[in-house]
Each structure stands twice: as C-alpha cells, then as structure tokens.
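**Student:** heads up, no residue letters with this:
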DNA sequence: TATGAATGAGTATTCATTCAT
DNA sequence: AATGAATGAATACTCATTCAT
C-alpha cells in the first residue's frame, strides 16, 4: 500500500467495544496492576490519549470491562428459568449449560478470577458484581432448588447453603482455568468435570425412588 | 539493662519468621502488587534494608511466604490418612476437619486467593504450589475415594474428576472469604457450608444401602 | 427559520471577539498554564478545532487577548491629556478617573496580574506591554508632572522616579484585586484607596501655598 | 578525581535547605507550573526520588519555599519597631531599610511575585501569606502611622488606606523587578525609587511646620 | 547485622495540536 | 468554516532496590 499512515481512522462507535475487548484480554492475562494502559491502547490499535477519550481512568476502564461483560448473560438465564417446564433437575442442567456456552467457553470466563483477585482493591466493583451477578445467579439456583423440594423431587435441605455448594465448583472451574492452568498444571477437562458435578448433585439432591 | 542482650538475640533468630508473618498479612490484605516493602518492614519492626538481608527481592519474599506457610500442613494430613482405620467417608471427614483447623481458620487461609490472583505473574510459585500442595492434597482425597470404591462403600465413579469436585468447594470457600466478603457480601457460614457439602457428598458418593 | 442565516453571519464576524472574551475571562480566572483550550472553546460555544482556525496556538491566543484588550484605552487618555486646560493636578485626577472607568472596573483589570505572572514565560508579550502600555502611560504621567513643575504648581522633583511612584499603587490595586483578594483577604476599597493616594500625592507634589 | 560517582552523599540535615534554595530559584525564574521537579532535583544535585523524601508533592515544596523564606523577617522588623525611640517617620525609614536589606536585595525578593501569580491556584498559600506576612507588615506600618498622628508629627488621615498606599509601591518594586524587567524594560533604580517614595510620603504625611 | 538515605526506571494522566470529514 | 476524534510529548509521582555507614 502506498499510504504509510492509515492513521486517524474515525471509529467512534466501534471504539468502546474494541477498547473493552483489548482491556479484557490484558486484564485477564496479566491482572489489573500489571496491565499497562499503553498496551491496552496498542492492542486496540489506538494511542494512549484515545483511550482516555472513552474511559476516564484505568479504574473506569476496569469497571466498564466488568459491567459490560457479565451482566447481560444473567437476564438470559432468568428468561430460561421463567419459561422452563420440566423437572427441577433438568432446569439446573439447562442453566448450567447456558452459562457454560455464554460465559464458560468465552473470553468472559476470565472475569471471575479478575473479580476475586481485585476485590480488595476495588470494593465497589466487587459489590457491583455480587449484587448484579452473584446474587441473581444464586436466586436462580435457589428458585430451582425450592421448586424441586416443594414438588418432592428433591430431598429437604438447607437451601441457602446448598446454593453455594452447587455454584462453588462452577466458579472454581473458571478460576482454575485462568490461574494454575498456565503453569504446567494439567488442564481440567471441563466437560467431564461438569458431568461429574451434576451426577453427584443428582444423587445428592434427589429423593430416593422406591 | 540485663535483658537487652537476650532480646536482641531472640530477635535475630526470629527475624525471618516475623518478616514472613508481616508479609503474609499484607499480601493477603492488599495483594502482591499493592503491598509495599516499606510497609512489610514497618510491620515487622525493621528497616527496609534489613528486609533485603533476608530476602533478595519482593518476589523472593512472596515465594518464601507461600512455601513456608503451606507445605507443613500436608505432611500432617498424610499421617492422618496413613493411620486411619474407619470408613472411607469418615476419613474424608477427618481430613477436612484437620484442614479446616490448621488452614481454614488461620491466616494461611488467605494463600489460595493469593496463588490464584498471582499465578500468571509467578508461574514458578504456581507450579510449586500445584506440585507441593494441590497434587498432594488431590492424592490424599483420591486415595480415600479409591479405598471407598474398592470396599464397596462408594459407588464406582470417575475418581479424578470427583477429586476436583470435592476439593473445589473447599478452595472456593477460602477464596470467597478473602475476596468478595470484604465488600458487603454477607459472609458464608463456613461450618454450615462445609456440613452441607459433606451431606451432599455422602448421598452422592455412597452406594445405596439395601 | 428565516433568522437562521443572519445569526450564522453575525457569528462568523463575532467569533474572534467571543473567543477573546472567553479567553480573557479564563486566563484572568485561572492563569495561563491552568487555562485549557477546551474550556476556552466551550465557553465561546465552539469546538476546539474552530479555535485554531482563528489563533494558531495557545500562545498566539494569549498575545491577542493582551493586545486587543489593553492598547485601545491608551489613545483615549492621550486625547484627554491633549485637550486638558486646568491645573496639572486636575489632569492627573482626570487621567486616573478615566483609567479606572475604562480598565479598573472592567474585565481588563485582570490583565496586569496576568502580565506580571507570565512575563518570564512570554518575554515578547511583556515587552509588547511595556512598550505599548507602560511606556505610553508613563509618558502621560510624566508630561503632566513636567507641566506642573514648569508652571510652579509642583515642587521640583526627580520626574522619572516620581512617575513610577505614582503609577505603582494603581497597578498594585489591580494586581491585588486579582490575586490575594480571592483568599479571604479583605478586599481593598478602591475608591477610598485611590482618594488617599491622590491626597498624599497632592500634599507631596504641590508647592506650598504661601 | 578518580571517583566517577561521588553519588549518594549522606546529607540529611543539609538537604531541605538545598532543595528549598533550588526550588525558590526555579519557581522565581519560571513560575510554578513551568518548573519541573526534575530540574529542582538536578539543581540541588539529587535525584527526583530524593526530593520526594523531603517534600510530599510539588505543592508541598512550594508551600515550604514560601513559609521558610518569608516569615522570619517579620519578627525582626517587629523587634525593631518595639525598640524604636525616635520620630515616627524615622521608624518608617528604618523598617523600610531593614526590609530592603533582608528581602528586597535577596533571592526572597522573588516571592511576592510568586504569591501574586499563584494566589488563585493556591488559596491556602495566599491566605497563609496574607495572615503571616501582609497582615503583620500592615500592622507594623499602621502602628507607626498612628503613633505619628497621635504625637502630632503626622497629619490626621485614614490610617487603613494610608497603610496600603505606603506598602503598594514597595511590593510593586519587587514584583516589577521579577517580571517586566526581564524583557528589555529598563530596570528601576531601586534606591532612587525608594528615596522618591519616602520623600513624597514625608511631604504627604507630615504636618506643616510653622 | 542493621540502617535509612538515595536512586531511577516505570506509568498513569493531561492537554496543546493536528487533520479527515 | 467548522467539527471533534485522534495523537503523543511531557511530567508528577511511586517504589523496589542499592549501598555507605
């Protein structure tokens, strides 16, 4: 090409998304503190100054990454739960499957580790996340559990504690894959891991069939 | 004063431990990047220069914190497993209880979050940890599982995956308590959470009694 | 609308003046370094790019503010002096009064402080100012003094030094009101201050009446 | 010398003074905003980091320069006034002379211009200055004036306004010499200027001798 | 051993200036 | 003429590390 400088593209609409994607990738790869804004800008193909045109600070960028990345998926799962008609256990399976497809396999899978790693430094983000993601996720699982217990499909149990015990291995899976995996630790096999989790749950939750 | 000398003596030998304790506390409280060596030194009551007499760099200090803090407990649990005589499930209960007492309730409980948060930046630490802690912990649980399956106490299952599904909620508990808890998220109730986990496991693992 | 066009027309011609007014206000309020061109443009109701259509740089804008703001008044005072017919002291009073009305009470009153504050950084401005404002002002006062001395109205004196001693309190008044006044310092009372200055001068300058 | 690096001198006691002197010189020469901390450090012969060992920020450094530089002189002039025994006008002369010797001829002479230039940006400094310098200076002059009026040496006058009219030319002299002088403006002749000021004052203030 | 003064590389942030539209 | 997105040089400030004492 004869144009040495394809610089100064006018991309106002596309920019925020590009910046967020670049930032997500780097935050997930290096952690918050170790990510330099120069690198984020470079990866998004803009100058550092441009980045500040869209996000007022590194912190603001981080918050935007979290907020844009995660919340939308919750609504989808809530819709799934609302329209479900089969057994309660099959609802749990469906929710899990959707979560895996929309988060677990994607770049967003790195966010829980980010949250956990930076929660002390960014309390507002952490509480934003707990309010808008964790709490809504717990509510979904809790409703499925209560529904199953009411119908006799599940044994009576301490619902609140059970929610956490169900969710913990899922979060741990993502966290694991974005931390120790990179250091020679053999990767988990997510599908088999999730299957085992579900199988244990089924046995653990469901009332004995006579 | 006659006590001046002994005090200084005791100090000299206690230094590494004091430094490690100070560093652990601060790393756990603020994370690696946000912990300043000035603060570590101040908390240990020495000058920054002295710190470098014992640890060659911030990274070396971090590694020492992790290594000194974690490994010793594993050996204890291995001894417990070796001398156990009851059911396989009661062995799992015993191991869990010891782990909780020696790690879960202590300052060391902050380490898994640290590892997870810094694994990418410190691959050597992460692999040290996986080799010396995770792998040995998984082996312990795996042995108990196999023992139970062999004896007919547990249903046949995919042992490797089950190990992770058993351990994940435990790690998640510690990670949780050192991250989101600080931001208005209601604290988990560790005892009830662990009890629920065990109850689910018992139902999920054990063969039906005729 | 039928008025759309005329408005735009008027704008086009008014632009430089609007920009200069906005710039004067902000330079006076915040000082040169702390004034951002974004703010100047915003206050004038145009984009930053437009500003550069009229002034080639921040420095050029600053120079224009000073030059446009100050020089015109001098000519008026020179005309006053040329047509004066009463006593020399009453000429000094007249000049002072006009200066106060046209500069001292207006937004231009902030300029001397600006000049003083930025003289080192903008030597050209400073010399422009000394040549076109200070020198002409001193000449006016000097002429009045010489006239009074010649006529015997004033005592003989070192005219050059006396000029400065007469002017200094006037400049100081403006500088004062644009600096320390903003910080809890009780405002001067310009009228009384000027009156006192004149009274002292009258006694100090005028030959004793027998 | 064979030592290529005479670095890392241990100068804890001398440092603050050296840094303050360097900062005073540069602030006076270039103004606050245009002074770079690198340059201050370089002029003091230390690294930038060292500067931050003594002053927490550029602003703190600026404040220290002002506070250390100016206040001490006031006390001296207060002592002179307290022990004075001659005429009130000779007291004014003495105060003026001391002020000129301790401030007017020294590097500190640049401070009033600094204050005036930065008052809007640093209101705390400006009010510190007005309280600790201006107010005390005015009190000194005011006391001398009142004393002279009471004794009949001076004509009755508006003391408060007269104070300002006396002080203004002095401040203006310093401000002038640190601003316009650098740009081709012929320097004032301070001695002659001060003499003229005093002569005018004497005629203006003193009661006619019969 | 222990100190703490000194260093300087590293980075977030600002803002005057440019230029494609 | 007017816009406003994009640029990048400039700079205050931090903190791990060194070293003379």
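**Tutor:** Cool, the structure landed. Since this is a predicted model, take the numbers as computed values, not measurements.
**Student:** contacts and neighbour counts: CA atoms only from here.
**Tutor:** Noted.
**Student:** who are the packing partners of the top helix by length along chain A?
**Tutor:** If you go by DSSP state H, chain A has its longest helix at helix A:58-83. If contacts are counted by 3 or more CA pairs under 8 Å, 6 or more residues apart in numbering or on different chains; DSSP states H and E, helix A:58-83 sits against helix A:15-30, helix A:88-99, helix A:135-151.
**Student:** how about the ones you listed, which one is nearest chain D?
**Tutor:** Closest approach to chain D among the helices and strands packed on helix A:58-83 (CA to the nearest CA): helix A:15-30, 27.7 Å.
**Student:** in that closest one, what's buried?
**Tutor:** For helix A:15-30, burial by neighbour count (16 or more other CA atoms under 10 Å in any protein chain shown) applies to A:15-16, A:18-30.
**Student:** farthest pair within those?
**Tutor:** A:15 and A:30 (22.1 Å; CA to CA).
**Student:** the residue in chain A positioned nearest to DNA strand F in helix, strand or coil?
**Tutor:** Ranked by CA to the nearest atom of the strand, the top residue of chain A for proximity to DNA strand F is residue A:49, at 3.1 Å. Put simply, residue A:49 is helix when judged by DSSP: H, G, I helix; E, B strand; the rest coil.
**Student:** can you report how many residues lie near it?
**Tutor:** 11 (other CA atoms under 10 Å in any protein chain shown).
**Student:** now swap in residue A:84 and tell me
**Tutor:** Residue A:84 has 12 neighbouring residues, counting by other CA under 10 Å.
**Student:** measure it to residue A:135 for me?
**Tutor:** Between residue A:84 and residue A:135 the distance is 20 Å, computed by CA to CA, to the nearest Å.
**Student:** how about residue A:50?
**Tutor:** Distance of residue A:50 to residue A:135, computed by CA to CA: 35 Å.
**Student:** what does residue A:123 give?
**Tutor:** Separation of residue A:123 from residue A:135 (CA to CA): 16 Å.
**Student:** does chain B have contacts with the helix or strand bottoming out on mean pLDDT in chain A?
**Tutor:** None of the helices or strands of chain A scores lower by mean pLDDT, DSSP states H and E than helix A:123-129, at a mean of 86. Yes: Helix A:123-129 is in contact with chain B by CA under 8 Å from any CA of the partner chain, via A:123-124, A:126-127.
**Student:** for residue A:13, what are its contacts?
**Tutor:** Residue A:13 makes no contacts at all, as judged by CA atoms under 8 Å, 6 or more residues apart in numbering or on different chains.
**Student:** how much space separates residue A:51 from residue A:174?
**Tutor:** From residue A:51 across to residue A:174, the span is 29 Å (CA to CA).
**Student:** cool, and residue A:192?
**Tutor:** Using CA to CA, residue A:192 is found at 14 Å from residue A:174.
**Student:** in terms of neighbours, single out the busier of these two.
**Tutor:** Set residue A:192 next to residue A:174 and count neighbours by other CA under 10 Å: residue A:174 wins out with 22 against 14.
**Student:** enumerate every residue touching the more buried one.
**Tutor:** By CA under 8 Å, 6+ apart, the contact list for residue A:174 reads A:104, A:109-110, A:112-113.
**Student:** for it, give me the pLDDT.
**Tutor:** pLDDT recorded at residue A:174 is 94.
**Student:** neighbours around residue A:81, how many?
**Tutor:** Using other CA under 10 Å, residue A:81 has 19 other residues around it.
**Student:** ok, now which ones touch it?
**Tutor:** Contacts for residue A:81 (CA under 8 Å, 6+ apart) come out as A:91, A:95, A:140.
**Student:** same question, residue A:118
**Tutor:** Residue A:118 neighbours (CA under 8 Å, 6+ apart): A:32, B:31, B:117, B:179.
**Student:** what about 10 Å?
**Tutor:** Applying CA atoms under 10 Å, 6 or more residues apart in numbering or on different chains, we find residue A:118 in contact with A:31-33, A:112, A:125-126, B:30-31, B:117, B:179-180.
**Student:** thinking again about what came up before, for the contacts of residue A:174, work out which two are farthest apart.
**Tutor:** A:104 and A:113 (12.1 Å).
**Student:** shared neighbours, the two?
**Tutor:** When CA under 10 Å, 6+ apart defines a contact, the residues bordering residue A:104 and residue A:113 alike are A:171, A:174, A:177.
**Student:** count the residues that sit near the nearest residue to residue A:95 once chain neighbours are set aside.
**Tutor:** Nearest residue to residue A:95, sequence neighbours excluded (CA to CA, 6 or more residues apart in numbering or on different chains): residue A:77, at 6.2 Å. By other CA under 10 Å, the residues close to residue A:77 number 19.
**Student:** and residue A:77, what does it touch?
**Tutor:** Neighbours of residue A:77 in contact, by CA under 10 Å, 6+ apart: A:94-99, A:136-137, A:140.
**Student:** which among those count as buried?
**Tutor:** Buried, going by 16+ other CA under 10 Å: A:94-96, A:99, A:136-137, A:140, out of the contacts of residue A:77.
**Student:** point out where chain A drops to low pLDDT.
**Tutor:** Scanning chain A for pLDDT under 70 picks out A:1-9, A:183-186, A:209-210.
**Student:** and the residue in it that chain C sits nearest to, how close does it get to residue C:42?
**Tutor:** When scored by CA to the nearest CA, chain A has residue A:53 as its residue closest to chain C, at 13.2 Å. Residue A:53 is 17 Å from residue C:42, where distance means CA to CA.
**Student:** ok, now residue A:131?
**Tutor:** 39 Å.
**Student:** run a quick neighbour tally on the residue in chain A that chain D sits nearest to.
**Tutor:** Nearest residue of chain A to chain D (CA to the nearest CA) works out as residue A:57 at 21.1 Å. Residue A:57: 13 surrounding residues under other CA under 10 Å.
**Student:** quick revisit: quick one: which of the contacts of residue A:174 sit in helices?
**Tutor:** A:112-113.
**Student:** stretch A:144-157 and chain B in contact?
**Tutor:** Yes: judged by CA under 10 Å from any CA of the partner chain, stretch A:144-157 comes into contact with chain B at residue A:157.
**Student:** buried ones in that stretch, by neighbour count?
**Tutor:** Quick answer for stretch A:144-157 (16+ other CA under 10 Å): A:144-149, A:153-155.
**Student:** okay, these in a markdown table with distance to residue D:204 next?
**Tutor:** Output for these, formatted as a markdown table (distance: CA to CA, whole Å):
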| residue | distance to residue D:204 |
| --- | --- |
| A:144 | 96 |
| A:145 | 97 |
| A:146 | 97 |
| A:147 | 99 |
| A:148 | 102 |
| A:149 | 102 |
| A:153 | 107 |
| A:154 | 104 |
| A:155 | 105 |
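**Student:** turn those into TSV, columns for distance to DNA strand F.
**Tutor:** Shown next, in TSV, are the buried residues of stretch A:144-157 (distance: CA to the nearest atom of the strand, whole Å):
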residue	distance to DNA strand F
A:144	45
A:145	46
A:146	48
A:147	50
A:148	51
A:149	51
A:153	55
A:154	52
A:155	52
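**Student:** if we check chain D, which of these are in contact?
**Tutor:** Checking the buried residues of stretch A:144-157 against chain D (CA under 10 Å from any CA), there are no matches.
**Student:** which of the residues you listed lies closest to residue B:70?
**Tutor:** So of the buried residues of stretch A:144-157, ranked by how close each gets to residue B:70 (CA to CA), first place is residue A:145, at 36.7 Å.
**Student:** would you agree the closest one is in contact with residue A:159?
**Tutor:** Yes: under the criterion of CA atoms under 10 Å, residue A:145 makes contact with residue A:159 at 6.8 Å.
**Student:** can you work out which residues contact both of these two?
**Tutor:** With CA under 10 Å, 6+ apart, residue A:145 and residue A:159 have no common neighbours.
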